[in-house]
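1. dropping the sequence and predicted coords here.
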Amino acid sequence: ERGLLDKLRFMGRQVEMFVIDEAHCVSKWGRDFRTSYSNLKEIRKVFPQVSIFCLTATASPKVVFDVCSILRMINPILFRASFERSNLFLEVRRKDELGSPTNITRKNKKKAKLKPPKKKKGEKQPEAIESDDEEEQDEDPVFTDLLSTIRGNFRGSPGIIYVTTIKTSELLAKKLQKVLGKERVHCYHSKLSETTKEKVLSRFMNDDLQIVVATIAFGMGINKPDIRFVVHFNLPKSLEDYYQEIGRAGRDGLPALCILYYDFKDRSVIDYILAKSKGAAAQKSRIKSDFFAVLYFCESHHCRKKMLLNALGERAEDCLSACDSCLQEYQKKDESQLLKEKDNMVKRGRSLKSLDSICKKIVNAVDNLPGKMTANQLVEMLLGKGPSGKEQPQYGSCKYEQKRFIYSAIAQLLGKSSVKEVTKKFRSKFKRI
């Protein structure tokens with residue numbers, strides 16, 4: 001605050017240096033822009049000769065330039081370490097390959113009738129028993145996969161599960177508590193009291209709590225070295241956010257796993273993010289662009305570490321074995337595995353050619369559309385289904401392709417800004433066209 005700076009000056013205090021942690025918050029291009037941070041520009045007005053020392057773990061070249069401009073740092077000296085974390089394994093798990101997409105906030109109230117036990121001699125036939133067990137009735141393949149991973153690889157090991165909303169944080173934590181125990185899992189979000197937050201953090205740091213299911217509120221000050229896994233149950237809003245959050249794993253240098261669950265339909269989260277944003281149109285456009293970069297990251301077959309480092313302004317080569325894309329491509333175990341990998345690479349080459357062909361058909365279809373249509377309508381048109389676009393030359397042009405490949409192609413085109421998606425509100429519902 002300007003008042004504090006003026007007080008320091010009038011008191012005659014000798015200030016040697018101002019240190020600004022999480023400096024990316026100063027920039028409107030940063031992952032977590034805060035108005036209070038932007039007010040730090042007053043430092044240079046009140047103390048024109050005092051040095052300013054900025055620290056951040058995630059700053060792209062654009063953010064660095066913006067921070068230096070706002071704080072009026074002339075000819076600053078930049079110290080940049082590599083963003084590479086070789087002990088982290090990055091993996092994207094497609095929800096549509098695990099089963100039907102997850103909806104953790106849905107409650108299945110339908111009661112199932114269980115078969116009655118067999119009648120014993122001389123007894124009346126017992127009535128059917130109704131079950132209220134949601135876990136039996138609402139089998140979620142993503143939750144099942146998550147639980148299997150925790151039990152199989154991280155029994156007793158500390159981890160963080162990031163989610164988008166407070167509601168998801170509470171419900172997912174509750175589901176995990178039922179299976180793993182109430183003392184091992186807790187939610188963490190901005191609506192918790194300060195006392196509860198401090199208690200959760202303290203228990204987690206002291207190994208009394210194994211898993212925290214958190215929103216982005218669980219961030220600053222988390223320096224637990226032995227976190228073995230970080231899971232993104234929902235899509236992060238940018239690659240910078242993703243890097244910051246997975247960076248909390250494996251700080252002791254030992255291997256750690258970073259899992260991101262993905263489905264193309266999850267892009268609806270951008271509506272939630274934009275609805276919460278109070279920024280100008282340009283800032284909202286940047287938020288959307290950053291989010292589509294996450295879609296491209298999930299859909300791409302390229303090295304995930306290389307893509308992530310490139311997004312942060314660092315040139316890198318393929319990691320070869322530290323992400324799921326490279327492991328599928330390069331891992332060779334024995335001669336039989338070598339032949340299998342060779343066969344997989346041939347199939348992969350065919351699928352990439354097919355994806356390229358689908359991308360061209362999508363672009364042609366969008367160029368020839370007289371009006372606008374939703375992504376679902378576009379997919380149905382390319383498959384030759386539904387009433388929309390029957391008169392278009394691209395109708396049915398992808399009828400022999402799998403639906404998920406078409407969605408994958410759309411996601412990649414959005415990530416490269418080759419096509420544009422506009423969100424409009426109709427009767428309180430969002431439609432992306």
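-> All right, it came through fine.

2. quick check: beta-bridge partners of residue 88?
-> Note on residue 88: beta-bridge partners by DSSP bridges are residue 256.

3. mind listing what it touches?
-> Contact partners of residue 88, counting by C-beta atoms under 8 Å, 6 or more residues apart in numbering, are 246, 249-250, 255-258, 322. For every residue, glycine as well, the C-beta is placed using N, CA and C.

4. run the last query once more with 10 Å
-> 230, 243, 246-247, 249-250, 255-258, 305, 319, 322-323 (C-beta atoms under 10 Å, 6 or more residues apart in numbering).

5. relative to residue 319, how far out is it?
-> As judged by C-beta to C-beta, to the nearest Å, residue 88 and residue 319 stand 10 Å apart.

6. mutual contacts of those two, please.
-> Jointly contacting residue 88 and residue 319 under the rule C-beta under 10 Å, 6+ apart are residue 305.

7. from residue 400, how far out is residue 149?
-> Distance of residue 149 to residue 400, given as C-beta to C-beta: 35 Å.

8. those two: which has the busier surroundings?
-> Taking neighbours as other C-beta atoms under 10 Å, residue 149 and residue 400 compare with residue 149 leading, 17 against 9.

9. secondary structure class for the closest residue to the more buried one other than its chain neighbours?
-> Nearest residue to residue 149, sequence neighbours excluded (C-beta to C-beta, 6 or more residues apart in numbering): residue 259, at 7.0 Å. Taking DSSP: H, G, I helix; E, B strand; the rest coil as the rule, one finds residue 259 in the strand state.

10. re earlier: among the contacts of residue 88, which ones are buried?
-> 230, 243, 246-247, 249-250, 256-258, 305, 319, 322-323 (16 or more other C-beta atoms under 10 Å).

11. kindly indicate which of the residues you listed lies nearest residue 293.
-> Within the buried ones among the contacts of residue 88, proximity to residue 293 (C-beta to C-beta) peaks at residue 243, which comes in at 11.9 Å.

12. any idea which element the closest residue to residue 60 other than its chain neighbours lies in?
-> Sequence neighbours aside, residue 313 is the residue nearest to residue 60 in space, at 4.9 Å (criterion: C-beta to C-beta, 6+ apart). Assigning secondary structure by DSSP states H and E places residue 313 outside every helix and strand.

13. now the phi/psi pair for residue 313, please.
-> phi 90, psi 20 (degrees, to the nearest 10).

14. so how far is residue 21 from it?
-> In terms of C-beta to C-beta, residue 313 sits 20 Å off from residue 21.

15. likewise residue 155?
-> On the measure of C-beta to C-beta, residue 155 and residue 21 end up 35 Å apart.

16. okay, these two: which has more neighbours?
-> Neighbour count, other C-beta under 10 Å: between residue 155 and residue 21, residue 21 has more, with 12 against 9.

17. what's the burial count for the residue lying closest to that one once chain neighbours are set aside?
-> Leaving out its chain neighbours, the residue that sits closest to residue 21 by C-beta to C-beta, 6+ apart is residue 55, at 5.1 Å. Around residue 55 there are 12 other residues, counting by other C-beta under 10 Å.

18. and what of residue 49?
-> Residue 49 is flanked by 6 other residues according to other C-beta under 10 Å.

19. now do residue 77
-> Neighbour count of residue 77, defined by other C-beta under 10 Å: 5.

20. got a list of contacts for whichever strand or helix holds residue 308?
-> Using DSSP H and E, residue 308 sits within helix 304-311. In this structure, residues lying in contact with helix 304-311 by C-beta under 10 Å, 6+ apart are 60, 82-86, 88-92, 238-240, 242-243, 246, 258, 260, 290, 293-294, 296-298, 300, 302-303, 314-320, 322-326.

21. export that helix as CSV, just CAs?
-> Extracted C-alpha coordinates of helix 304-311, given in CSV (Å, rounded to 0.1, in the frame of the first residue of the first chain):
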residue,chain,number,x,y,z
ARG,A,304,4.8,-33.7,-23.1
LYS,A,305,7.8,-32.4,-21.3
LYS,A,306,9.1,-30.7,-24.4
MET,A,307,5.7,-29.1,-25.0
LEU,A,308,5.5,-27.9,-21.4
LEU,A,309,9.1,-26.4,-21.4
ASN,A,310,8.5,-24.7,-24.8
ALA,A,311,5.4,-23.1,-23.4
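
22. so after it, what's the next helix or strand?
-> Criterion used, DSSP H and E; the element after helix 304-311 is helix 324-330.

23. got the contact list for that next one?
-> 89-93, 259-260, 300-307, 318-321, 323, 341, 344-345, 348.

24. 6 Å instead, please
-> If you take C-beta atoms under 6 Å, 6 or more residues apart in numbering as the criterion, helix 324-330 is touched by 91, 301, 303-304, 318-321.

25. any idea which of the residues you listed is closest to residue 159?
-> Distances from residue 159 to those, taken by C-beta to C-beta, are shortest for residue 91, at 13.9 Å.

26. need phi/psi at the closest one.
-> The phi/psi pair for residue 91 (degrees, to the nearest 10) reads phi -140, psi 130.

27. any idea how far residue 314 is from it?
-> Distance, residue 91 to residue 314, using C-beta to C-beta: 21 Å.

28. quick one, strands of this structure?
-> With DSSP state E as the criterion, the chain has strands at 17-20, 51-54, 88-94, 112-114, 129-131, 159-162, 185-188, 211-214, 229-232, 256-262, 423-426, 429-432.

29. mind putting those into JSON lines with mean pLDDT and distance to residue 286?
-> Shown next, in JSON lines, are the strands of the chain (pLDDT from 0 to 100; distance: least, C-beta to C-beta, whole Å):
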{"stretch": "strand 17-20", "mean pLDDT": "90", "distance to residue 286": "22"}
{"stretch": "strand 51-54", "mean pLDDT": "92", "distance to residue 286": "21"}
{"stretch": "strand 88-94", "mean pLDDT": "95", "distance to residue 286": "23"}
{"stretch": "strand 112-114", "mean pLDDT": "43", "distance to residue 286": "48"}
{"stretch": "strand 129-131", "mean pLDDT": "42", "distance to residue 286": "49"}
{"stretch": "strand 159-162", "mean pLDDT": "96", "distance to residue 286": "21"}
{"stretch": "strand 185-188", "mean pLDDT": "96", "distance to residue 286": "28"}
{"stretch": "strand 211-214", "mean pLDDT": "96", "distance to residue 286": "25"}
{"stretch": "strand 229-232", "mean pLDDT": "97", "distance to residue 286": "21"}
{"stretch": "strand 256-262", "mean pLDDT": "96", "distance to residue 286": "21"}
{"stretch": "strand 423-426", "mean pLDDT": "57", "distance to residue 286": "15"}
{"stretch": "strand 429-432", "mean pLDDT": "42", "distance to residue 286": "18"}
